[in-house]
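A.B. asks: Need the 3D shape of this:
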Amino acid sequence: MALTRNRNVVRWILIAASFIIISLILWNTYIFFQNFKAEERTKMENWSTAQENLMRSTSDAEIELTSRILESNTTTPMMLVNPDGEIISSNNIDEEKLKDTVFARNLMEQFASENHPIEVKVNGQLFNTIYYGNSPLLNKLKYYPLALLLIIFLFAAVVFFFYRSSKNADQNKLWTGMAKETAHQIGTPLSSLVGWTEILRSENVNPDYIIEIEKDINRLQTITERFSKIGSIPNMEFADIIQETKESFDYLKARSSDLVHFKFMAPDKSIMVKLNRQLYSWTIENLVKNAIDAMKGKGNLEIKIIEADKFVKINITDSGKGIPKHQYNKIFEPGYTSKKRGWGLGLSLAKRIIEDYHNGKIKVLHSELNKGTTMQIQLRLS
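C.D. replies: All right, here's what the predicted structure looks like:
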């Protein structure tokens with residue numbers, strides 16, 4: 001408990017430190033951007049002053065110095081506009097594009113939105129107006145915080161998925177260990193039950209009773225095998241999907257309420273599919289039991305096997321309460337359950353058995369509230 005608490009404290013300290021570092025980087029980037037922008041403003045004001053001096057200059061030396069200042073702007077896009085709105089000159093802008101009056105007008109409005117225009121006055125009268133935009137470097141710097149946030153987001157996503165996969169791996173190890181231990185614990189009383197069955201047979205007990213007891217013992221042995229296979233790669237072999245489905249169907253039908261009306265429909269032939277019998281029957285049982293629970297032990301339940309192209313489809317239809325459409329995928333998540341009792345593992349196990357081990361698909365084919373649900377298993381034909 002103390003170790004877990006210390007890990008949580010360290011985790012929160014790292015998160016807080018990361019947040020502070022990111023905030024400082026973004027704040028310093030913002031300050032640098034504002035300072036850089038202010039420097040560009042100062043440069044353009046100097047440029048406007050040089051323009052004013054050019055109008056007043058009389059000596060060649062003053063004109064040459066002023067011209068050098070005016071020609072020093074090689075990065076910031078700008079245009080010099082007279083009081084009538086005509087562009088007199090421009091720097092760092094494609095002259096051909098400026099011939100388009102609409103483009104020139106839009107660019108002027110864009111520059112005005114980026115930076116307040118600077119007025120050039122001679123003897124107190126407005127002579128020209130300088131419109132200028134952000135330099136390419138300033139534009140790149142403007143998007144730097146966004147790029148930084150994107151990188152941080154991607155890094156956080158990688159860390160999150162790594163942490164989540166690591167946590168899931170630990171949980172899988174825990175469930176695998178519990179399943180194998182359960183199989184081991186069931187094995188001892190199961191062996192004892194087999195011995196007691198032989199004793200009952202020697203005592204001339206009604207054979208019908210012994211047959212039913214043996215059926216349940218065989219069922220326990222099947223359950224033990226299922227739990228022992230969790231976490232291991234199951235053995236796959238060719239089997240008749242109709243026969244395997246029918247056996248699980250008949251077993252559950254014999255042990256269910258008479259208020260549930262069972263119906264089985266399948267082609268009158270064998271359909272061979274590569275299966276693990278124990279795990280497949282486990283899936284059918286989970287789906288049938290869920291269907292019976294959804295009907296609250298009363299209603300119609302149908303299993304229909306359809307051969308289509310290269311696939312065989314097993315549809316399990318009930319007349320239960322139905323599933324909302326937004327929960328079609330959620331019901332397969334570990335821990336999800338709509339029942340007061342239960343661990344919410346049945347459908348997640350069914351999904352793993354069908355999709356991971358059998359390379360098939362399992363989904364909610366159709367569901368309507370208060371009318372019923374059809375679950376579908378799809379397997380590739382051999």
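
A.B. asks: any idea how far the residue positioned nearest the centre of the chain is from L154?
C.D. replies: By CA atoms, centre = their mean, the chain has its centre lying nearest to F161, at 9.9 Å. Between F161 and L154 the distance is 11 Å, computed by CB to CB, to the nearest Å. The way it works is simple: take the backbone N, C-alpha and C, and place the C-beta from them, glycine included.

A.B. asks: now do H366
C.D. replies: To L154, H366 is 39 Å away according to CB to CB.

A.B. asks: ok, those two, which is more surrounded?
C.D. replies: Set side by side, H366 and L154 show unequal neighbour counts under other CB atoms under 10 Å, the larger going to H366 at 16 against 10.

A.B. asks: any idea whether the more buried one is helix, strand or coil?
C.D. replies: The assignment at H366 comes out as strand when based on DSSP: H, G, I helix; E, B strand; the rest coil.

A.B. asks: Spatially, and excluding backbone neighbours, which residue is closest to it.
C.D. replies: Nearest-residue entry for H366: T374, 4.7 Å, with adjacent residues in sequence omitted and distances by CB to CB, 6 or more residues apart in numbering.

A.B. asks: beta partners of that neighbour?
C.D. replies: Each beta-bridge partner of T374 is listed here, defined by DSSP bridges: T317, H366.

A.B. asks: Number of residues surrounding it?
C.D. replies: The number of residues near T374, taken as other CB under 10 Å, comes to 17.

A.B. asks: can you give me the strands in the protein?
C.D. replies: The residue ranges that make up the strands of the chain, judged by DSSP state E, are 78-81, 87-91, 118-122, 125-132, 237-240, 260-265, 272-275, 299-308, 311-318, 361-368, 372-380.

A.B. asks: what's in contact with the first one?
C.D. replies: It stands for strand 78-81. Strand 78-81 has contacts (CB atoms under 8 Å, 6 or more residues apart in numbering) with 44, 47, 51, 87-93, 98, 104, 107-108, 111, 120, 128-133.

A.B. asks: What of the fifth one?
C.D. replies: When contacts are defined by CB under 8 Å, 6+ apart, strand 237-240 is touched by residues S270, I271, M272, V273, K274, L275, N276, R277, S382.

A.B. asks: Distance from the chain centre to that strand, please.
C.D. replies: The chain centre lies 35 Å from the centre of strand 237-240; the measure is CA atoms, centre = their mean, to the nearest Å.

A.B. asks: One more: the second one?
C.D. replies: Here strand 87-91 shows a centroid-to-chain-centroid distance of 53 Å under the convention CA atoms, centre = their mean.

A.B. asks: Not including adjacent chain positions, what is the nearest residue to L379?
C.D. replies: Here the nearest residue to L379 in space, its sequence neighbours aside, is G360; by CB to CB, 6+ apart that works out to 4.2 Å.

A.B. asks: what's the neighbour count on the one you found?
C.D. replies: G360 sits with 22 neighbouring residues when counted by other CB under 10 Å.
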